[in-house]
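[1] 3D model of this:
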Amino acid sequence: MVLACGIMANAEPLEPRHRAKLEEQLTGTVQVWRLLTERHGVKPGTALQLRVYYYGPGREPLETLQRALDARAAYTWEPAQPAAKVVSPEQAWVLVGLTEPLPLTSEFLLRWNAELFTAGVEHGCVFDGWEAKLR
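    Prediction:
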């Protein structure tokens, strides 16, 4: 089973379109954490690997973003590649990464998502979300 969630941001000033995505994601993150804990028995502090998804206008911005994220934490990345379904020119390429097992809490997920979203915005990319694969 896979539970997933999408876009967030931190305290940096955000454009209204990013702020709307942040608010949407904050709600989604809380809901996914509730599902993980109440329905799937995940306890605060349980370490799970999370898969992350980014879209960008091309390989170069995604690879620059990848290097920035690697400076913060350990990820395993698939090479950036053209997206199977192009929604817009700004989202023509996709980058998928996998974390090392992370000890999860609601607070951690909110903060982590904020960092990932902000990194995407800073590099002209879109953080499309994350998923946790359960046993």
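[2] what is the mean pLDDT for stretch 101-118?
    Averaged over stretch 101-118, pLDDT sits at 91.
[3] where is the longest helix in this protein?
    Scanning the chain for the longest helix, with DSSP state H as the assignment, gives helix 16-38.
[4] following it, which helix or strand shows up next?
    The helix or strand immediately downstream of helix 16-38 is strand 47-48, counting by DSSP states H and E.
[5] could you list every helix and strand in contact with the helix or strand just after that next one?
    Where DSSP H and E defines the elements, the next helix or strand beyond strand 47-48 is strand 50-56. The contact analysis (3 or more C-beta pairs under 8 Å, 6 or more residues apart in numbering; DSSP states H and E) places strand 50-56 against helix 59-70, strand 93-99, strand 126-133. C-beta coordinates here come from the backbone N, C-alpha and C atoms, glycine included.
[6] off-centre distance for strand 50-56?
    5 Å (C-alpha atoms, centre = their mean, to the nearest Å).
[7] okay, now the sheet partners of that strand, with direction.
    strand 93-99 (antiparallel), strand 126-133 (antiparallel) (DSSP bridges).
[8] format those strands as a markdown table; extra columns: distance to Thr118.
    Listed next are the strands paired with strand 50-56 as a markdown table, based on distance: least, C-beta to C-beta, whole Å:
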| stretch | distance to Thr118 |
| --- | --- |
| strand 93-99 | 16 |
| strand 126-133 | 8 |
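[9] give the buried residues for the longest helix of the chain.
    His18, Lys21, Leu22, Gln25, Leu26, Gly28, Thr29, Val32, Trp33, Leu36, Thr37 (16 or more other C-beta atoms under 10 Å).
[10] I am finished for the moment; much appreciated.
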